[in-house]
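Engineer: fold the stuff below for me.
(one chain, ligands or ions: 1)
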Amino acid sequence: MTITLSKVVNELLSKVKITHEHAIVFKDIVSIDGFYSESLVRIVTHAHKDHLYGLRDSIRKNPLIAMTKATYDILTALGYRIPKEKTFTLNYNQEFKIGDLTLSLHKAKHIVGAAQVLAVDNDGSRLVYTGDFKLPSTPILDSDLLVIEATYGNPEHVRPFKYEVESLFIDLVKSGLPHGPVYVFGYHGKLQEAMEILRSGGIDAPFIAPRKVYDVTLAAIKHGLNVEGLYYDKTLEAEEIMRSKWYVYFAHINSPKRNYYHRVSSLSIILTGWEFKEPLRRLNNKTYIVALSDHADFEQLLEYVEESKPKVVVTDASREGSAHILAKEIRKRLSIPAIALP
Ligand SMILES: [Zn+2]
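Structural biologist: Residues are numbered from 1 along each chain as shown. Okay, the predicted model is just below:
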């Protein structure tokens, strides 16, 4: 019995590699989120930097770049130029065949446009890469071989408060606005999610953003993000709003103007997933950290694996996270073979 099982597992494992260049490669045909010279298609699961490694090499050397239309539009807003003849945009659940594989993209709750990848081999085996995701609202795909992200792959990475962060964030912004402008710092994707959360929570102050954040938000709005009342900060309208001091400003967390923004704000909020003890943490009299994450925590990673029912799991150790610990915990807690690659 053990021999048969390990034969199946080994066969599945022979279909996947993860390179040190951060590419998840299925059967040498498709490379996902990293450059691999032999692949016929490069898939971009979403427009975060740590999933765009080697994209310019892929654009030059791989025949096709596949992604959702929303991801394509966000990449364009970020300054990537993919030639028309190589661009292959797909709807969720739309299948395309390449070599032995039938590929499809499936929704991932993460940033607008984010996708999971399903590759069905001609022997029927299902190879899945989750990309980045959180639960709920990410469909859990049945798999034989599951490649899963491992950002919060450590059992300590559990946010017990994960379902109440949004309302605490709304209340914090509400309490700050009467005293002057509120500045929110985060990554692309998370900033847009924050805008939607605040609007749905009844915050009606104007939103202001610098160029790239503004452009990425417009691309996200085009694909379903529900945000109104956003202004580009270099327009006359925005300047007038800023003189009124009643607005929320959204800036990239690594913005070179961050110190300046802190100075002019009456309240600064930093959005990060790396907080596990409390949903809000006060850094000083006007700066707070809010534990808004767009990644599954440890419990949700295990939940995905359990429901996906894979025969073997590969955790992605080529990106930041706890891939080795997660693989060990999957073996221990779920009794499913699991290894970290590379
Ligand atoms: Zn991401």
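
Engineer: and Phe185, bridged to which residues?
Structural biologist: Ala251, Ile270 (DSSP bridges).

Engineer: kindly confirm my reading that Ile221 is in a strand.
Structural biologist: No: counting by DSSP: H, G, I helix; E, B strand; the rest coil, Ile221 is located in no strand; its state is helix.

Engineer: helix, strand or coil for the closest residue to it other than its chain neighbours?
Structural biologist: Leaving out its chain neighbours, the residue that sits closest to Ile221 by Cβ to Cβ, 6 or more residues apart in numbering is Val227, at 6.0 Å. To be clear about C-beta, it is placed using only N, CA and C from the backbone, and glycine gets the same treatment. Using three-state DSSP, the secondary structure recorded for Val227 is coil.

Engineer: how close does Val227 sit to the ion?
Structural biologist: 20 Å (Cβ to the ion, to the nearest Å).

Engineer: wait, that residue touches Glu196, no?
Structural biologist: Yes: using Cβ atoms under 8 Å, Val227 is in contact with Glu196, at 5.5 Å.

Engineer: OK, contacts around the closest residue to the ion within the stretch 51-200 of the chain?
Structural biologist: Using Cβ to the ion, the single residue of the stretch 51-200 of the chain nearest to the ion is Asp132, 3.6 Å away. By Cβ atoms under 8 Å, 6 or more residues apart in numbering, the contact list for Asp132 reads Thr45, His46, His48, His51, Ala108, His110, Ile111, Ala114, Glu149, Thr151, Asp294, His295.

Engineer: and the ion, which of the residues you listed reach it?
Structural biologist: His48 (Cβ under 5 Å from the ion).

Engineer: now pLDDT, secondary structure and distance to Leu78 too, for the contacts of Asp132, in CSV please.
Structural biologist: CSV is the format used below for the contacts of Asp132 (pLDDT from 0 to 100; DSSP: H, G, I helix; E, B strand; the rest coil; distance: Cβ to Cβ, whole Å):
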residue, pLDDT, secondary structure, distance to Leu78
Thr45, 98, coil, 15
His46, 97, coil, 12
His48, 92, coil, 10
His51, 96, helix, 12
Ala108, 98, coil, 19
His110, 94, coil, 16
Ile111, 93, coil, 12
Ala114, 97, coil, 15
Glu149, 97, coil, 21
Thr151, 96, coil, 21
Asp294, 90, coil, 17
His295, 94, coil, 20
